[in-house]
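**Student:** With the sequence up front, the predicted model follows.
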Amino acid sequence: MITQFDFFRTKYGEELLVDLLDLENLQTYMMASPVQRLSYYDITLVSSGNGKFCIDNFEQDIRPGMVFFSSPGQIRKWVVPEVPKGIVLIFEAEFLCSFFKDAKFVENLSFFHSGNPPVLRLTSGDYHQLRTLFQDIQKEIISFRSNDKHLLRALLYQVLILLDRKFVAEYHESNNKKTVNKYVDGFAQLVESNHHQHRSVEYYAERLHITSGHLNSLLKASFGISAKRYILNRSMLEAKRMLQYSDISIDEIASRLNYDTTSYFIRAFKEHTHVTPLHFRKQVNP
């Protein structure tokens, strides 16, 4: 069973879209609902503990000094003997983006939506630097007043830029990031909202007012895959989530993803993963 958690916007009276929590204080939620979907961004810094943490199809052993990143809509699962200790920074993108006038600032950070593992291993020095920034944020939240939002934005921005630099160095990404083509960006947003119902490249090209050929060229230049493959990857990710974290039938999954027949869905899933949906479900839930 997947439990969805939404941001508590008025926890401090007036709306505040950033918060800092002690990981161990979330024990009630984690033990009652170890499989979660969040509607906001989450950065978890682990100070001690063990077990495993899963984000979609990525699984990582928990170790002190690790940072885990999750984006809205991703499926998270804690497999732990007891709740680890650490700090959780959560926020809504609009807290920064509305102020910076850059709607894609958070989305374009290297640790969100990059395709790399959503985890960073910190050195001792980096760990203490990040923990100090978290503590500064916590102090500001405790004494929060509406005119303090700019200071909180500055501190959050500092945390995100620090982690972005560390993540880039860890995964050897280019510091000169490619500017995302406006059509590619628009395509990604449309697929995120419509992949359940539409898998044809023509549908998205028409919505973007460009040809299918042009859209394919842009996707290959940006991601190295065709538009059709991008759509299929997103559809299959949703199928894997339902297979791993729910007990709904294969027929129902095929229906929810708008496949004409269950056999067509099974064939598409096997071509993509090299195993049947039932075999996949048994693999991830032994």
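**Tutor:** Arrived safely.
**Student:** Hmm, Ala239 is touching Tyr259, no?
**Tutor:** No - judged on CB atoms under 8 Å, Ala239 makes no contact with Tyr259 at a distance of 9.5 Å. C-betas here are computed from N, CA, C, even on glycine.
**Student:** Could you tell me which residues touch both of these two?
**Tutor:** Residues touching both Ala239 and Tyr259 by CB atoms under 8 Å, 6 or more residues apart in numbering: Phe265.
**Student:** higher neighbour count, those two?
**Tutor:** Ala239 (23 against 20; other CB atoms under 10 Å).
**Student:** Check the contact between Leu23 and Gly86; I expect there is one.
**Tutor:** Yes - if you go by CB under 8 Å, Leu23 and Gly86 touch, sitting 4.0 Å apart.
**Student:** More neighbours: these two, which one.
**Tutor:** Set side by side, Leu23 and Gly86 show more neighbours around Gly86, with 24 against 20, by other CB under 10 Å.
**Student:** Mutual contacts of Leu23 and Gly86, please.
**Tutor:** Thr44, Val46.
**Student:** Please enumerate the helices of the stretch 1-150 of the chain.
**Tutor:** Shown for the stretch 1-150 of the chain, the helices assigned by DSSP state H, counting those that start in this stretch span residues 27-32, 94-100, 124-142, 149-171.
**Student:** Adding mean pLDDT, write the ones you listed out as CSV.
**Tutor:** CSV is the format used below for the helices of the stretch 1-150 of the chain (pLDDT from 0 to 100):
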stretch, mean pLDDT
helix 27-32, 82
helix 94-100, 80
helix 124-142, 92
helix 149-171, 90
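**Student:** looking at the ones you listed, which is closest to Gln189?
**Tutor:** Comparing the helices of the stretch 1-150 of the chain by their distance to Gln189 (CB to CB), the top pick is helix 94-100, with 14.0 Å.
**Student:** how far away is Ile2 from Gln158?
**Tutor:** According to CB to CB, to the nearest Å, Ile2 and Gln158 sit 33 Å apart.
**Student:** How about Ile55?
**Tutor:** Ile55 is 24 Å from Gln158, where distance means CB to CB.
**Student:** more crowded one of those two?
**Tutor:** Ile55 (19 against 14).
**Student:** and the more buried one, what does it touch?
**Tutor:** Phe68, Phe69, Ser70, Gln74, Ile75, Arg76, Pro118.
**Student:** Give me the phi and psi for the most centrally placed residue in the chain.
**Tutor:** Nearest residue to the geometric centre of the chain (CA atoms, centre = their mean): Ser71, 2.5 Å. Reported as degrees, to the nearest 10, the phi and psi values for Ser71 are phi -110, psi 160.
**Student:** Pretty sure it sits against Ser39.
**Tutor:** No - using CB under 8 Å, Ser71 is not in contact with Ser39, being 10.2 Å away.
**Student:** I'd like to know how far Ser110 sits from Phe167.
**Tutor:** Ser110 is 5 Å from Phe167, by CB to CB.
**Student:** What of Tyr183?
**Tutor:** 26 Å.
**Student:** One more: Ile75?
**Tutor:** In terms of CB to CB, Ile75 sits 21 Å off from Phe167.
**Student:** Repeat that for Glu202.
**Tutor:** 36 Å.
**Student:** who has more neighbours, those two?
**Tutor:** Comparing Glu202 with Phe167 by other CB under 10 Å, the one with more neighbours is Phe167, at 21 against 12.
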